[in-house]
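# got a predicted structure plus its sequence, pasted below:
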Amino acid sequence: MMKIVRTNSENKDFINLVKYLDAYLKITDGDEHDFYNQFNHIDVLQHVVVIYKDDVAMGCGAIKKFNSDAMEVKRMYVAPEERGTGFAQKILTELEVWAKELGHKKCVLETGKRQKEAVHFYDKCDYKVIPNYGQYIGMENSICFEKEL
């Protein structure tokens, strides 16, 4: 059975899933990992979603305030054995609903161009490529997206 839980960054399952995410990103980001990692501290995240299958945490995602109109999607991860099963879509949809409930009109996010599956996923979920923002301006590996809610 699948269930989605809204929580915050103190959730132990979220913390453990992020460790798997960081290990994966350390490999795919290569020399740029330290740059990206400095912007991924989870202690500031108050809006976290964890998805469970038979009471085992299989994926996560979070949103944080970007500006008065938008929330930024952060720390999206699904365990390799559950990729392609719709878990990521369920996590992202829950984050979008939560952002809307909080009064925001859109979600933005950044992912790496080397994470081809992620780029395809966000495109499939109706996110549109936008100019790189903030710390990602000038980063060759970064691709930023936006979706109107």
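Yep, it's here. Numbering: from 1, shown residues only.
# in stretch 67-82, what's buried?
The neighbour-count check on stretch 67-82 (16 or more other Cβ atoms under 10 Å) flags 70-79, 82 as buried. The way it works is simple: take the backbone N, C-alpha and C, and place the C-beta from them, glycine included.
# so where's the protein uncertain?
Across the chain, the ranges flagged by pLDDT under 70 are 27-41.
# the longest helix in it is where?
Ranked by residue count, the top helix of the chain under DSSP state H comes out as helix 12-29.
# contacting residues around it?
With contacts defined as Cβ atoms under 8 Å, 6 or more residues apart in numbering, helix 12-29 is touched by 7, 9, 33, 36-37, 40, 42, 48, 50, 52, 57, 59-60, 62, 75, 77, 79, 112, 114-115, 141.
# write the ChimeraX selection for whichever of these are buried.
ChimeraX command restricting the contacts of helix 12-29 to the buried ones, with burial defined by 16+ other Cβ under 10 Å:
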select :7,9,36,42,48,50,52,57,59,60,62,75,77,79,112,115,141
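# among the contacts of helix 12-29, which lie within strands?
If you go by DSSP state E, the contacts of helix 12-29 have 7, 48, 50, 52, 57, 59-60, 62, 75, 77, 112 in strands.
# quick check: closest non-adjacent residue to the most centrally placed residue in the chain.
Nearest to the geometric centre of the chain sits M76, at 2.9 Å (Cα atoms, centre = their mean). The shortest distance from M76 to any non-neighbouring residue, by Cβ to Cβ, 6 or more residues apart in numbering, is to G61 (4.4 Å).
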